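A.B. asks: When you get a sec, could you give me coordinates for this:
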Amino acid sequence: MTDSTRRERLAAALGEEPATASELAEKLDSSVSTVYHDLKHVARSLRYREDAQFLVAPPECTNCGFSAYDDPINYPSRCPDCYSESIEEAVFKIE
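C.D. replies: Residues are numbered from 1 along each chain as shown. Predicted coordinates:
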């Protein structure tokens, strides 16, 4: 896959196993912010395909358990309920 784009490599990695944005950034030798940007594009491109589905386990506050974030394809800086900054990253997968 040497001629594939970064987003194609991202989608292929998510098809193999679930991963966080940090794990994907390390695997693809990219920044976390770039991975989040690319994840939004990959999710949008898969929206109308019947053979693949973009799944997200949303971020969760380790302090109070809050996980009802408005945009799960984003890394929140703090919890809106308890204001803790201890947030577990979202986990992404393509099935």
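
A.B. asks: Now do the end-to-end distance for stretch 56-70.
C.D. replies: 13 Å (Cα to Cα, to the nearest Å).

A.B. asks: which other residues reach it?
C.D. replies: Stretch 56-70 has contacts (Cβ atoms under 8 Å, 6 or more residues apart in numbering) with 18, 43, 72-73, 75-76, 79-82, 84, 86-92. The C-beta positions use only the backbone N, C-alpha and C, and glycine is treated the same way.

A.B. asks: what helices or strands is the lengthiest helix in the chain leaning on?
C.D. replies: Identified as the longest helix of the chain according to DSSP state H is helix 32-46. With contacts taken as 3 or more Cβ pairs under 8 Å, 6 or more residues apart in numbering; DSSP states H and E, helix 32-46 sits against helix 6-16, helix 21-28, strand 54-57, strand 91-94.

A.B. asks: what angle do that helix and helix 21-28 make?
C.D. replies: On the basis of axes from the mean of the first three to the mean of the last three Cα atoms, to 10 degrees, helix 32-46 is oriented at 90 degrees to helix 21-28.

A.B. asks: you'd agree residue 6 is up against residue 30?
C.D. replies: Yes - with contact defined as Cβ atoms under 8 Å, residue 6 reaches residue 30; the gap is 6.5 Å.
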